[in-house]
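> no FASTA, just this:
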């Protein structure tokens, strides 16, 4: 009798547990590639930033309408030309229970501004931070500037004590292959807590029951299961079978089929990202050629390569008509965009061949061409199209497609002649991002961090440098717009098209799509 009672009690308990598990609101999120690192200072990537923002937070942050709001900071004021004083919220706790103080901000600013930081250029105007008292911190700027608050939206605040305990006060840099404790472990203040991480397999986030932000805590999501699925077919079949609730890497060729499925809701829009081809403008090419000099240093060659590509056909066929070609380095939603500043080189292979001959390359030349898989939408397919178009003017581009983990070091370290780079000007959503990181002459530190071509234009550099100290925002944006226009005409990058943003979701998930292509699941809701 006693044994029977115990059996019934156990069975009843299991039933309660099972019911509780079923009652959880779980979002199963599938995308095409894993987040390579959870260290918020290691990698300048929108995908990485998106995931990390569920765990870590900054002093100021963008809300669901992309407006900058006080976040871990209650308020701030300009003390002098180069000092911003922030008053922190009291009572904010890290996931391990440690309290947020000004010392954590000091350590986090030191980490992101360290020369070894993979996102050092995202905080190029930030010099250092000094604690005034437990909840007050001064952030010193490199010089008087109007861009610092924008940059601080991307500076994630980490727990100094936790970093010290795990020998992680120094940042890592994925492009250099460095890793540390923060690569696979986290301790933020944000709305979700990392429960588990299996690289290239699965990550699980659970809701933070002690999140400080009651005003923004409108979600009913209890758990997020993030799954990197490289196979397009597997991701979509899982969505249609109800195995996934959110798919953020949707093959464009499957959009029509998804639109016709009553169980799926599809959100499609233009993003802030422009996809470019990067051109090696160093003294020599990586590919072997009979001539020693680098033909890509000749503007006529760069113009010829651009004119040889039928970008309209690529956007219609490869990109399924969901975007359009661009001649500009900025997207229209970024301040400073000027349609007239774009270059005008329509598809004309005959003229392209004539330009090559004029430059001394009537038979063309060889290039190494590297392209990422699982990073930019349909990039391997449109890279193949570009390779084909170039072959028609005698340029032989040896194309290699790599996963992101292999591709990124190749691109950043200049081991290719032609690469692919997409830039959305995040997290600051300002032309300063593309100007200082892609177009400014590299100084090996905070300037020209992603200047893959090693392009240099002193006139553009001066405009970018002078813009930092300009507090009149209209004048500052105009200076940056002019700098971008100067570089655009030199074509160190060939702008291809705006990348479309495509999310496929189950009907039970409500989530707002924004032009920055950032999923903010702490604003999401699940209906049962």
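That came in fine, so what should we check first? Computed from a predicted model, the values in this text were never measured in an experiment. Numbers count the residues shown, from 1 in each chain.
> now do stretch 89-101, average pLDDT.
Confidence over stretch 89-101, taken as the mean pLDDT, stands at 98.
> quick check: end-to-end length of it?
For stretch 89-101, the first and last residues are 9 Å from each other (CA to CA, to the nearest Å).
> residues contacting it, please?
Contacts made with stretch 89-101 from outside it, assessed by CB atoms under 8 Å, 6 or more residues apart in numbering, are listed as 55, 72-74, 88, 104, 131, 134-135, 157, 159, 161-162, 186-189, 193-194, 208, 210, 212. For the C-beta atoms, the positions are set from N, CA and C on the backbone; glycine is no exception.
> recalculate using a threshold of 6 Å.
Around stretch 89-101, the neighbours that count as contacts under CB atoms under 6 Å, 6 or more residues apart in numbering are 74, 134-135, 159, 161, 187, 189, 193, 210, 212.
> for the residue nearest to residue 489 when sequence neighbours are not counted, give me its contacts.
The shortest distance from residue 489 to any non-neighbouring residue, by CB to CB, 6 or more residues apart in numbering, is to residue 343 (6.0 Å). For residue 343, the contacting residues are 327, 488-489, taking CB under 6 Å, 6+ apart as the criterion.
> same question for residue 56.
Contacts were defined as CB under 6 Å, 6+ apart; by that measure residue 56 touches 40, 156, 188, 190.
> the first one: neighbour count?
Translated: residue 40. 30 (other CB atoms under 10 Å).
> the third one now?
Residue crowding around residue 188 was assessed by other CB under 10 Å; the count is 25.
> surely residue 369 touches residue 399?
Yes: distance between residue 369 and residue 399: 4.5 Å, which falls inside the contact criterion (CB atoms under 6 Å).
> so for those two, which residue has more residues nearby?
Under the criterion of other CB under 10 Å, the comparison of residue 369 against residue 399 puts residue 369 first, with 25 against 17.
> quick one: the more buried one is in a strand?
Yes: the assignment for residue 369 is a strand, going by DSSP: H, G, I helix; E, B strand; the rest coil.
> who is it paired with across the strands?
With DSSP bridges as the criterion, residue 369 is bridged to residue 399, residue 418.
> now it: how far from residue 495?
Using CB to CB, to the nearest Å, residue 369 is found at 17 Å from residue 495.
> pLDDT weak spots in the chain?
1-23 (pLDDT under 70).
> what about 50?
Scanning the chain for pLDDT under 50 picks out 1-22.
> and residue 104, how many neighbours?
Applying other CB under 10 Å, I find that residue 104 has 26 neighbouring residues.
> could I get the phi/psi values of it?
phi -70, psi -40 (degrees, to the nearest 10).
> tell me the contacts of it?
Residues touching residue 104, when contacts are defined by CB under 6 Å, 6+ apart, comprise 157, 159-160.
> what sits closest to it if chain neighbours are left out?
Ranked by CB to CB, 6+ apart and with sequence neighbours excluded, the top spatial neighbour of residue 104 is residue 160, at 4.9 Å.
> could you pick out the longest strand of this protein?
Of all the elements of type strand in the chain, the one with the most residues (DSSP state E) is strand 264-279.
> list the buried ones in that strand?
Neighbour-count burial for strand 264-279, counted by 16 or more other CB atoms under 10 Å, picks out 264-266, 268, 270-279.
> got the contact list for that strand?
In this structure, residues lying in contact with strand 264-279 by CB under 6 Å, 6+ apart are 258-259, 296, 326, 331, 333, 376, 418-419, 421-424, 452-453, 492-499, 501-505, 507, 513, 515-517.
> on that earlier part again, gap between the residue nearest to residue 104 and residue 113?
Distance, residue 160 to residue 113, by CB to CB: 15 Å.
> again, but for residue 369
Distance of residue 369 to residue 113, given as CB to CB: 35 Å.
> returning to that earlier point: now the residue nearest to residue 489: phi and psi?
Backbone phi and psi, for residue 343 under degrees, to the nearest 10, turn out to be phi -80, psi 160.
> re earlier: quick one, what contacts the residue nearest to residue 104?
The neighbours of residue 160, taking CB under 6 Å, 6+ apart as the test, are 103-104, 107.
> try it again at 8 Å.
Taking CB under 8 Å, 6+ apart as the contact definition, residue 160 lies against 103-104, 106-108, 169.
> for residue 209, same thing?
Taking CB under 8 Å, 6+ apart as the definition, residue 209 has no contacts.
> that one: which element?
Residue 209 belongs to no helix or strand when assigned by DSSP states H and E.
> thought residue 326 was touching residue 494?
No: taking contacts as CB atoms under 8 Å, residue 326 lies outside contact range of residue 494: 10.5 Å.
> any idea how many residues pack against residue 131?
Counted with other CB under 10 Å, the burial measure for residue 131 works out to 16 neighbours.
> wait, I meant residue 132
By the criterion of other CB under 10 Å, residue 132 has 13 neighbours.
> again, but for residue 254
Counted with other CB under 10 Å, the neighbours of residue 254 add up to 19.
> repeat for residue 443
When neighbours are counted by other CB under 10 Å, residue 443 comes out with 11.
> do residue 514 as well
Burial of residue 514, expressed as a neighbour count using other CB under 10 Å, amounts to 18.
> grab the nearest non-local neighbour of it.
Taking CB to CB, 6+ apart, and ignoring the residues beside it in sequence, residue 514 has residue 66 as its nearest neighbour in space, at 5.8 Å.
> that neighbour and residue 512, how far apart?
10 Å.
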